[in-house]
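Participant: here is a sequence with its predicted model. Questions after.
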Amino acid sequence: MALSSLSMTLAEYRTAVIAEMGYGSTAYASLDAGEAAEIDRLIKRGERTFWLHPPVDPPHRWSCLRKRGLMDLWADIGPATELVVNGTFTDDLGAASMAGWTLGAGWSGPTAKATATLTSASLTQTTAPLTVGSTYRVTFRHTVSVGSCTLYAGTTAGPMVNASGTTTGTVVCAGNGGLTFTGTGFTGTIDSVSCVLASELTGSSPTVTMAASGTTMLSSTDAFHESMIGKDVTVYAGETHTITAFNTRASVTVTPAAVGAYSGLYFSIASRGAFQLPSDFESTDTASLVFTEETSRPPIRLIEEREVTAMRATQDITGCPLLAAIRWSTSDGSAAQTQELVVWPTPDQDYQVAMPYAVQPQSMGASTDYPLGGPEIADALLSMILAVCEEAKTGARGDRWLEAEQKIKGAAKRDLRRHNNFIAGQMRADAGGHSMPFDVKSLILSV
C-alpha cells in the first residue's frame, strides 16, 4: 500500500501564493497570463532565497543538494589517422580547382562535392601519403546518374560504383601510391572521402550508423559516455557532428543532422583531457577523486586549473590520470554554462572515479513537481515563499519573514544533525574537536 506524502507539489504552492496575494480561491488556470506569471515569479524568488541564501548563520548547505556521483574518464576513440585532405570538398579554390585535389577533364566544383559530367578522366587526391603495399580502408559518398566510377589506390582498383549511396572497402596500394576516382562515362558526384590505414582499426573498434537527415547516432558497442556531451565526432566518411545529448551507452543525439544515411562507419572522438560534468554540478568538497575499480591506484588530486593546464602544455602524455581541476566550460551565453573536469595525463583507457558533489538547485516545474528534501524542507520552503509574498505586498519584512527564519533555522539544525556524515571530506568531530576524514570510495560503493 502506497503511503501518502506530507510533501507539497507545485500546484499547492501556487494555491498558497494565490491566497496570500489576495486572489482568494481563484484557480491558477483561471488567472490571466500576467497574474500567473507573477505567481510563478514569487515562487521562484522564494526558491532562490531558500536554496541559495537561506537566512541562517553560519550558511547551510542542504544535504538533499548532494549526489554520490560517479564519473567516467574515457580514452580517445578512433586512433586511425585520416589521410585525405579536404575530403568534404568544402575548401574550394573555384569551379576548376579544390584544395588537395586535381580535377581532370569533366570534373568540377565548388558545391561541397566533386561533380562529374560524362567523364572518363580522374579526380586525384594530391596529398594523401599512401604507401605501396599498405592496406587502406576507404569510404566515400556518391551519386550516380550515368556510367560508373572506380576508386584506385595507386594502380590497384578498389570499389566501383554505378548507383548512389555510401561505399566502404579495403584496398592494397600499388604503383604510384595516389588515391584517385576514375570515371567511365560518369555523371554524378563524389564527397565525404575518407582513407585510413586498415592496421589502425581493429575488429573491436566501434562503428556508427545514422539515418539520412537524422540526429541520432547509434554505436555498434557501448562506446558513449555522458561526459562526451559537447565533443566532436568525426566519422570516417568526412562528416563531423557534435554530441548534444547522451541517450544510452550506444546512442547519442548530435548536430548537425547527417547529410545522407550511413552504416558501419568508423569514427573518432578526442577528449583532449577535458570531460563535461553533469549539468546540475555545482561543486565538490573532496580533495581527490578515487578510482572505483583499482584500489591500488593513487587517487587523482584536485589542484588549481592553471597547474593542470601547464602540465598538459609541457607534458602532453597519456596514462592513468594523476591530477585534475574543475573549470567552467566555454560558453556564448545561449545556454546555461556548465563545468568540466580537466585531467593530466590524458586517459590511456577508460577509468571510473567516485566524485560526490553538490548540485545546483532546480526550480519546480512540469517535470519536477516536488521540491527536494521531503516534508520538512517543503514546509520551510513554503514559509520562505510566503515571506517573499509579504515583502512584495508591503515593501517590508514582517511576521512572515520571522516565521520563515525560525522554520529554516530549525530545519537546517536537524538536517545537519541527521546528515552531516554525508558532507564530503569530513565527519563528526573527534574527541579533540577535529573533523575526521573518511573514505569517499567506500561511501559511494556502499550505495
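Facilitator: Thanks, I have it. Residues are numbered from 1 along each chain as shown.
Participant: can you give me the strands for the stretch 1-150 of the chain?
Facilitator: 66-67, 70-73, 101-103, 107-108, 114-119, 122-125, 135-153 (DSSP state E, counting those that start in this stretch).
Participant: actually the stretch 251-400 of the chain, sorry about that
Facilitator: Going by DSSP E, counting those that start in this stretch, the stretch 251-400 of the chain shows strands at 251-255, 262-269, 274-276, 281-283, 288-291, 300-302, 318-319, 323-328, 339-344, 346-347, 351-354, 357-359.
Participant: in the fourth one, which residues are buried?
Facilitator: So that's strand 281-283. 281-282 (16 or more other C-beta atoms under 10 Å). Every C-beta, even on glycine, is put in place using the N, C-alpha and C of the backbone.
Participant: against which helices or strands is it packed?
Facilitator: strand 357-359 (3 or more C-beta pairs under 8 Å, 6 or more residues apart in numbering; DSSP states H and E).
Participant: what about the strand it packs on, average pLDDT?
Facilitator: On average, the pLDDT along strand 357-359 is 92.
Participant: about what we covered before: now the strands of the stretch 1-150 of the chain as a markdown table including mean neighbour count?
Facilitator: Shown next, in a markdown table, are the strands of the stretch 1-150 of the chain (neighbours: other C-beta atoms under 10 Å):
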| stretch | mean neighbour count |
| --- | --- |
| strand 66-67 | 18 |
| strand 70-73 | 20 |
| strand 101-103 | 21 |
| strand 107-108 | 20 |
| strand 114-119 | 20 |
| strand 122-125 | 22 |
| strand 135-153 | 21 |
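Participant: Ala174: which of those is closest?
Facilitator: strand 135-153 (7.3 Å; C-beta to C-beta).
Participant: on that earlier part again, relative to Met160, which of the strands of the stretch 251-400 of the chain is closest?
Facilitator: Judging the strands of the stretch 251-400 of the chain by C-beta to C-beta, what sits closest to Met160 is strand 262-269, at 19.0 Å.
Participant: which SS state does the residue nearest to Tyr136 when sequence neighbours are not counted fall under?
Facilitator: Ranked by C-beta to C-beta, 6 or more residues apart in numbering and with sequence neighbours excluded, the top spatial neighbour of Tyr136 is Cys195, at 5.3 Å. Of the three states, Cys195 takes strand under DSSP: H, G, I helix; E, B strand; the rest coil.
Participant: next: Asp222.
Facilitator: Asp222 ends up coil, using three-state DSSP.
Participant: show me what contacts it?
Facilitator: Contact analysis of Asp222 by C-beta atoms under 8 Å, 6 or more residues apart in numbering lists 249-250.
Participant: from Thr88, how far off is it?
Facilitator: 29 Å (C-beta to C-beta, to the nearest Å).
Participant: also Cys64?
Facilitator: For Cys64, the distance to Thr88 - C-beta to C-beta - is 49 Å.
Participant: tally of neighbours for Lys409?
Facilitator: Other residues near Lys409 come to 16 when the count uses other C-beta atoms under 10 Å.
Participant: quick one, what contacts it?
Facilitator: 55-56.
Participant: and if you look at Tyr351?
Facilitator: 72-74, 291, 293, 320-321.
Participant: how does this structure divide into domains?
Facilitator: 10-37+47-68+360-445, 70-75+274-355, 101-200, 207-269 (automatic domain parsing).
Participant: pLDDT weak spots in the stretch 1-150 of the chain?
Facilitator: By pLDDT under 70, the weakly predicted segments of the stretch 1-150 of the chain are 1-5, 79, 91-97, 110, 128.
Participant: who does the closest residue to Lys113 other than its chain neighbours form a beta bridge with?
Facilitator: Spatial nearest neighbour of Lys113, excluding adjacent residues (C-beta to C-beta, 6+ apart): Asp191 at 3.6 Å. Beta-bridge pairing of Asp191 under DSSP bridges involves Arg141.
Participant: okay, the domains of the chain in a markdown table with distance to Leu83 next?
Facilitator: As requested, the domains of the chain are exported to a markdown table (distance: least, C-beta to C-beta, whole Å):
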| stretch | distance to Leu83 |
| --- | --- |
| domain 10-37+47-68+360-445 | 44 |
| domain 70-75+274-355 | 22 |
| domain 101-200 | 5 |
| domain 207-269 | 10 |
